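Undergrad: have a look; sequence and predicted model below, questions after that.
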Amino acid sequence: MRRQLTALGALALTMAVMVLVVCDLGKEPLAPSVPGATEQPTVDPSTGDTISADSVTPNMRIFVQPSNIRATNNDGAEVAVLLFDDDHNPVSDTIVYFSATHGIVTAKDTTDAEGIARAVFRSVPVNTEAWIYARATLRLANGDTTITVGYPVTIYGLTVTAWPSVTDAVNTSSIPVQIEVLDAAGDPVSNTRVILSGAIRDTIVTRGDGTFDTVLVAKDTTADVDTSTLVVSALGTADTIAVRFWEDLPTGMSGNVSVRPLRVFSSRSQLKADNSDHATITAILIDGNNNPLVGNTISFKSDFGIIDASATVDSTGRASVKLRSAPVDTICTVWAIADLQDDTASTQIAFRGIGLLLTADPLNLRTGDSSTVEAVLTDASGNAIGGDRITFQVKNGQFAGGLTSLTTTLNPEGKATVKVSSASSGTAEIVASANNAHDSVSIVFTTNTLSLSAGKVSIDADGLATTKLTATYRNGAGQVQEGVPITFATNAGTVSPSVDTTNSKGKATTTLRSADFATFAIVQANAPNGTAVDTVYFTATRAADIMLEITPDNISTNGGRATLIATVTDSTGNRVTGASVNFKIVKGPGGDEHIEKPVVISQDGTARSTLIGGAVPSAYRGCEVAVYVQDTIADTSKLTISGEPYVITVSRPEDDTVTVPNAGIMDESTFEFHIGAVVQDINGNPVADNTEVHFSAVVTGQAVGMNQFVRWSGEGSLDEIKPIIKLVFLDVPFEDINNNYQMDPSIDLRLDDWPNYARRGDDFDGDGTVDYSYSTHDFFWDFNLNGVCDTGGTLASRAEPVYEASKKYYLTLLGYDTTYSRPYVDTIITPSIVGGVPTFDTTYEVVRDTFVTPLIDTTGYTYELWADLNGNGVWDTTEWVDTDNDGTNDLPEAAFNSRWAYDFNYWRWEMRANYMGYMPFFENDYAVVIDASAPTEEGVAYARLTYPRQMALRLRVTVNAEANGIRDKDGERFVLPIIREGG
C-alpha cells in the first residue's frame, strides 16, 4: 500500500488562542522526543518582521501536519496558511512566501478563493527543532502590511554511535573504534562532519556508508588502569564511550568485545484498541564488530496489551515478538532487555480507537423532570465492550437517590444508562469515564426554552467546511425573546462569532467550522436561563490510504464466494465516507471469475464487494485482486480458487516421530481417536473451506501379541532370578468381513509385500479358504490351541495339548538349554526340615506353575519362573527353542511328528486376551464408529473415531475418506491405540 499526502491534509480552527496538536499516527516506529528544543523565535531572520508568539495573527494563521517528523530525506509535512482581512473574509490571489531554518520547503504559493496557500516541507537528517515561516503582504485598513508567522516542527530519530572493538585492553594496545551515523530510517548519513572530543580531539567526515574508523590508545601507560573516554557529536545528537587500558589485564579478562546498545523498533506506531490488532516488536543486538549475537535471549515486557515473553537473537541479529493490543486508549510502552549485558531499550505504541459516546434524551427539559443518559463503549473495531466498569458524575444535577457520582457495569452490548434530574434551572453536566475514554453531555433544565439547530448535520473534516447554527429563545409562555445574548461553544471545530444577540424573531446565529479530524461536535448554545445542544458530524472525505482484505482467501470453483473488504482512510487515519472504491481482478485463472460490484461507495470508511469463482481453478494464491481510489491510491491481495477434490489422504497422529499433545480423548468406557483427511485439488491447492468429506471405518484385522524373552535378571549372583519380558505386536489381516466364519472369496490384502507367500488370514488364491503350507508359508494362527494351523471355517474342539519347552537350571548358576516334554501338571514341592532348616531336594525338577510351600526363598534351587508370561490364564505352549543353535527359533512340523525339522523365524503369537478370558475375534462383532462427515478447513477435515477401551491394541481398522466422489484409494490401516491422559 502507498501512503500519500493529501493536498491539504487537515486544518483545525480552534476557539480563542489557536494551538494545533497533531500526532503522527502512521505506521512508522515511534521515537523518543528530542531534548533541548530551541525556544520559539520572535523575529523572522530573513525579514526582521515580528512573529506572533502563537503562530497566529488577527489576519494570518499557519498549520503544519505532522509536527513531529523523522530525520530522513524522505519524510515530510503539509503546510497550510490561511489569510483573511479585518472583516475575517478570506484573501485570495495573494502570494505567500515560505522559508525554513532546516529542511526544504516550497518557495511560494498563491492563496485560493478560500484564502489558503499550501506548501510541502521535507525533513533532513538532523535532530533539531525546525521553524517554518510564512510571509505575505496584505492591504489592510491601515495600508499595506507585511505579516510573518512561524510554526515549530520537531525533527527526530537520527543517531550517532561509537563502538570500540573491545572495552578492556592492555595499555600498549591500539583499539579500533567505528563511528556510525544513521538517519531515523536506519539509512547511513554520508559526508557528514562529526566532532570528536575527550581522548581524541578532531573533526572527521563520514564515508559513503555513514561510518568512520579511528583508534583509541592509552594516555597514561604507567597507570595500573587508564580510562580513555571519547565523545562523538553530529547533527544534534551525541554518543560517549570508554575503554579501560590495563597494565596487566585482570585474571579472566582477555579483552572484552563490546556490545552495541540494544535497539528496539515497532512495525507500527499505532494499533487499534480492539484485542486483535498487533505489531511486530524487533530488538537488534550486535557486538562491536557488527556481528549478530546469535543465541542470546531478549526479554520483552509491556505495560498494556499482550506480548511474548522472550525471543532468541537470530543470524540477522534480530529477535522479534508479537504485541497484541488491549481495548483501552493509552500509550503502551514496550521494553526489551538483553540478558547478555543487562541493557534495556524501549519504544512506544499508541492504542487508539476506544469510543465512549454519551447521549441524553431529552436534552432540554423543565426542572423536576428526568432525562435518560446512555453511555456506549466500543473498541477500535466498533465492537461493544461489555463487563467493564463505567463511572458517571453530574454537576448541577443528581442521579436517582440524590447521588452525584455513580459507578456501574456495562452490559454485554457495552451500554449503561442513568437518570438525571435537577430541582433548579441551569445546565447539568454529566461526565462518563471508562477504559481511559471520556465523554460528556449537557442537559438544560429551565423554565424558558432554548432550541438549537444546525443547517447541515454533517460536514467535511478538513478544517474548512462550515455550517450555520441557529438558536431560538422563548419564555415560559412560548413568546420569542429579543435582545438576549446567546453564547455558542463546541467541543470540536470552532464557532464564530461565539456570542450573538437574538433578533425580533428570537433567533441568534453563528457559524461552525469543522476540525481536521473525523469526529462529532457537540455544539452548545447558552442563554441566561437555558441551554440547548446539537450534534454535527465531521466526516473524512479525502482518501490517503486504502487496505484490502479478502475473506475467505480460499474459495471453490463454479460459484465460490469471497468477500472483498476495502478500508479507506485519510492522512490521519480517519475513515473516509463517500469515496468511490474500484475493485478489479488483475490476475486470475481465466475461468469467468468476476466481481459482483466493481465500484462501491464507502460508508464509514468501508466498501464491500464479492468475488465469485469461475470454472477454472487457480494456482495457490494465484488470483490477485486490486482495489483503488482516486486512481493512485491502491492495494492488492491474493486468494486461491480451488478446484474439485483431486487427491484425498487419510491422516492420523503418529507416536514414532514427535510427541502428539492432543491425539484424542479418553473417557470412562471409550476412546476417541482424531482422524484427519487432507484434500487437495488438481493444482495442489487445499480445497475450499467447508468442502464435505465423508468417512468410513471397518474392522479389518486383529493385533496379535507375544511376550518376548529379553534376558534373565540376577544371573551370576545370589539375588532373585527372574526373566525380563517385553510385549510385542503384529497386525494380522482379517478377511471375514461378512462374519460367515469363512475367508471372504477373492480377497487378499497382501500386507506382507510377499505375493507368493501367505500369512495367517491370507486367501491368496481366492477360493474362500485360508492358504497355508508349512513348507512355504511364513505364519499361521491356532485359534483353538490344538497345535495345528486352522485352515478352514470350522473351529476344532479344544484338546489338551502336549507341550514342548526349554527350561533352565540355576543350581550352579550356569545356564544351558535342554528340552522337556511332558503333559501339563501342577506340582507342590514341600521342603523337609533338617536341623530346623528347610531343605529342598535339589535334584527335583520344578516345572511351570509350581507353588513352593511354605513361601520361602528358593534361590539356588531349580525353579521355573515363566510358565504363563502373558497372564492370560493359559499355559504358554511354546517358548524359544533353538536346538541347532543357529540363533533362530525352531519351527515344529505338523502335529509334531518329527522334531525340530527347520527354523521358524517368528515366535508363537497369540491374541491378547480379553478380561477374564479370550476375545473371540473370529466372530467380528465389535463396534467401531466414526463421524460420517466433516467440513474442511485449510484443506483438512477432522473426524472422531470412537471405540470401546478394551479394543485398544486388539483390533485393526481401516479408515477411508471420500469427497465429491474422490476416495482415498488405500485407506489408512492401523491398530486402535490407547489414548492417554493429556493426548
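TA: In hand now; what should we look at?
Undergrad: the strands in the stretch 351-500 of the chain, which residues?
TA: Ranges of strands in the stretch 351-500 of the chain, per DSSP state E, counting those that start in this stretch, are 355-361, 364-365, 370-378, 389-395, 405-409, 415-421, 426-434, 437-445, 449-454, 458-460, 466-474, 485-490, 494-496, 499-501.
Undergrad: just the mean pLDDT for the second one, thanks.
TA: Put plainly, it is strand 364-365. Mean pLDDT, strand 364-365: 76.
Undergrad: direction included, what does it pair up with?
TA: strand 437-445 (parallel) (DSSP bridges).
Undergrad: check which residues of the strand it pairs with are buried.
TA: 437, 439, 441-445 (16 or more other CB atoms under 10 Å). For every residue, glycine as well, the C-beta is placed using N, CA and C.
Undergrad: what's the angle from that strand to strand 449-454?
TA: If you take axes from the mean of the first three to the mean of the last three CA atoms, to 10 degrees, strand 437-445 sits at 130 degrees to strand 449-454.
Undergrad: what's in contact with strand 437-445?
TA: Contact with strand 437-445 is made by 329, 354-360, 362-367, 369, 371, 373, 375, 377, 397, 420-422, 424-432, 450, 491, 522, 524, 530-533, as judged by CB atoms under 8 Å, 6 or more residues apart in numbering.
Undergrad: can you say which of these are buried?
TA: By neighbour count, with 16+ other CB under 10 Å, the contacts of strand 437-445 hold 329, 354-358, 360, 363-365, 371, 373, 375, 377, 397, 420-422, 425-430, 432, 450, 522, 524, 530-533 as buried.
Undergrad: rewinding a little: which one among the buried residues of strand 437-445 gets closest to A544?
TA: Taking CB to CB as the measure, A437 is the one of the buried residues of strand 437-445 closest to A544, at 25.4 Å.
Undergrad: skipping adjacent residues, who's closest to the closest one in space?
TA: L356 (3.9 Å; CB to CB, 6 or more residues apart in numbering).
Undergrad: bridging residues for that neighbour?
TA: With DSSP bridges as the rule, L356 is bridged to L377.
Undergrad: again, but for F392
TA: Applying DSSP bridges, one finds that F392 bridges with L406, A432.
Undergrad: count the neighbours of it for me.
TA: F392 is flanked by 23 other residues according to other CB atoms under 10 Å.
Undergrad: doesn't A360 make contact with it?
TA: No: the criterion here is CB atoms under 8 Å, and F392 misses it with A360 at 11.4 Å.
Undergrad: and for these two, which residues touch both?
TA: Common contacts of F392 and A360, defined by CB under 8 Å, 6+ apart, comprise 373, 430.
Undergrad: wait, what's in contact with N275?
TA: Contact analysis of N275 by CB under 8 Å, 6+ apart lists 324-327, 379.
Undergrad: filter those residues down to the buried ones, PyMOL style.
TA: Entered in PyMOL, the line below selects the buried ones among the contacts of N275, by 16+ other CB under 10 Å:
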select buried, resi 324+325+326+327+379
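Undergrad: with the contacts of N275 in mind, which one is nearest to V205?
TA: Nearest to V205 among the contacts of N275: S325, at 44.4 Å, using CB to CB.
Undergrad: name the nearest residue to the closest one, sequence neighbours excluded.
TA: Leaving aside its sequence neighbours, S325 sits nearest to L271 (CB to CB, 6+ apart; 4.1 Å).
Undergrad: for the host helix or strand of that neighbour, which strands pair with it and how are they oriented?
TA: Here L271, judged by DSSP states H and E, is contained in strand 270-272. Paired neighbours of strand 270-272 in the sheet (DSSP bridges): strand 343-352 (parallel).
Undergrad: hey, C-alpha coordinates of the strand it pairs with in PDB?
TA: Output of strand 343-352 as PDB, limited to C-alpha atoms (Å, rounded to 0.1, in the frame of the first residue of the first chain):
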ATOM      1  CA  ASP A 343      20.800  -3.500  28.600                       C
ATOM      2  CA  THR A 344      17.300  -2.100  28.200                       C
ATOM      3  CA  ALA A 345      15.700  -0.200  25.300                       C
ATOM      4  CA  SER A 346      12.100   0.800  24.800                       C
ATOM      5  CA  THR A 347       9.600   2.100  22.300                       C
ATOM      6  CA  GLN A 348       6.000   3.300  22.400                       C
ATOM      7  CA  ILE A 349       2.900   2.300  20.600                       C
ATOM      8  CA  ALA A 350      -0.400   4.100  20.800                       C
ATOM      9  CA  PHE A 351      -3.600   2.000  21.400                       C
ATOM     10  CA  ARG A 352      -6.300   4.200  19.900                       C
END
